[in-house]
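Q: sequence unknown, structure follows:
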């Protein structure tokens, strides 16, 4: 299998899994935020965790995993399509809010990957400048 297909498959699987963990598709499945104490700040805490983990997922895929942005984008879109199809078939939701929730997670993953790509690109260009000046 080519490296491109492997990167697309890995990014698709990781993003799909992150979406299921961050926002379980139904109320009958275990939801991690039920262990948090109830209160007015719970919604903000959940939002901060979802933003942080989603962004860290993209950052990890781009820096640690070395997944190229184009392959991450393809894998993310594939994960979104598969996830939305599975939700539509298995749960038959009453509203389209799942499109927005998982789309929000996907955008944050892309944001994390863009940050990781910018960091690694800056590091590469700085190391190239150092070797050229020697």
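A: Noted; the coordinates are in hand. Predicted model only: the values in this text are computed from it and were never measured.

Q: phi, psi for residue 96 please.
A: The phi and psi values for residue 96, taken as degrees, to the nearest 10, are phi -90, psi 20.

Q: kindly report the same for residue 15.
A: Note on residue 15: its backbone torsions stand at phi -70, psi -40 [degrees, to the nearest 10].

Q: ok, residue 64 next?
A: Phi and psi for residue 64, reported as degrees, to the nearest 10, are phi -70, psi -50.

Q: what about stretch 21-40, start to end distance?
A: The first and last residues of stretch 21-40 sit 23 Å apart, counting by C-alpha to C-alpha, to the nearest Å.

Q: ranges for the helices of the protein?
A: 3-22, 42-63, 69-90, 97-133 (DSSP state H).

Q: got the buried residues for the longest one?
A: Which is helix 97-133. Residues of helix 97-133 classed as buried: 98, 102, 104-106, 108-110, 112-117 (neighbour count, 16 or more other C-beta atoms under 10 Å). No exception for glycine: its C-beta is placed from N, CA and C like everyone else's.

Q: ok, for the residue nearest the centre of the chain, nearest residue in space, not its chain neighbours?
A: When C-alpha atoms, centre = their mean is applied to the chain, the residue found nearest the centroid is residue 109 (3.4 Å). In space, and not counting its chain neighbours, residue 109 is closest to residue 58: 3.9 Å by C-beta to C-beta, 6 or more residues apart in numbering.
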